[in-house]
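> Just the structure for this:
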Amino acid sequence: MPERTQIRVGDSRAEKVVDNLTRSQIVMYAGASGDYNPVHTDEVYVTQVAGHPTVFAHGMLTMGATGKVLTDWVGNGRLTHFGVRFVNLVRPGDTLTATATVEALRLDETGRHLADFSVVTTNQHGLPVVVGQATAEVDP
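Down below sits the predicted model:
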């Protein structure tokens, strides 16, 4: 469980969430998710039929990795909203760093303390691969 500290608007945290993504990790995710689309697992298909230089990771694999920066910060089970856009492909060999920034602190209609975050995950070249928003219940 992360150490609870007061968070403030503008606070930001970055975390390396994937280090040198492997083809095996992508295939394991295909098995776990049941998504065997050949663009993720079949080098011949993706290069000769789909026209990509190599396979690429599932968007939800990247989203799940991105969520780690949030749950490591606020704790498991505290996210109330998490939505992203996939803006660039993630390929084998990529290293991903996720950054979350507190955009607002507020109370909801039931009196829960919430923090709204922006999130962005970049690859080793600084290219964004995921951008989004999240909300989490936080300690007052």
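> Give me the pLDDT value at the residue nearest to the spatial centre of the chain.
Note on the chain: the residue nearest the mean C-alpha position is residue 66, at 1.8 Å, using Cα atoms, centre = their mean. Predicted confidence (pLDDT) for residue 66: 98.
> Thought residue 121 was touching it, still the case?
Yes - the pair residue 66 / residue 121 is scored as a contact, 4.6 Å apart, by Cβ atoms under 8 Å. C-betas here are computed from N, CA, C, even on glycine.
> list residues touching both of these two?
Overlap between the neighbourhoods of residue 66 and residue 121 consists of 17, 96, 98, 130, taking contacts as Cβ atoms under 8 Å, 6 or more residues apart in numbering.
> Show me the shaky parts of the chain.
Within the chain, the stretches falling below the threshold (pLDDT under 70) are 1-5.
> let's see it at 50
Counting by pLDDT under 50, the low-confidence segments of the chain come to 1.
> now the helices: where do they sit in it?
With DSSP state H, the ranges of helices along the chain come out as 23-33, 38-41, 43-48, 59-74.
> The residue nearest to residue 99 when sequence neighbours are not counted: what's it in contact with?
By the measure of Cβ to Cβ, 6 or more residues apart in numbering, the closest residue to residue 99 outside its immediate chain neighbours is residue 14, 4.3 Å from it. Applying Cβ under 8 Å, 6+ apart, we find residue 14 in contact with 69, 97, 98, 99.
> Among these, which one lies nearest to residue 107?
Of all the contacts of residue 14, residue 107 sits closest to residue 69, with 24.0 Å by Cβ to Cβ.
> State whether the closest one and residue 100 are indeed in contact, as I suppose.
Yes - at 4.9 Å, residue 69 counts as touching residue 100 under the criterion of Cβ under 8 Å.
> Mind jotting down where the strands sit in this structure?
Secondary structure of the chain (DSSP state E): strands located at 12-18, 79-86, 96-107, 113-122, 128-137.
> got the buried residues for the second one?
Buried residues in strand 79-86, defined by neighbour count with 16 or more other Cβ atoms under 10 Å: 79, 82, 84, 86.
> Sweet, I'm off.
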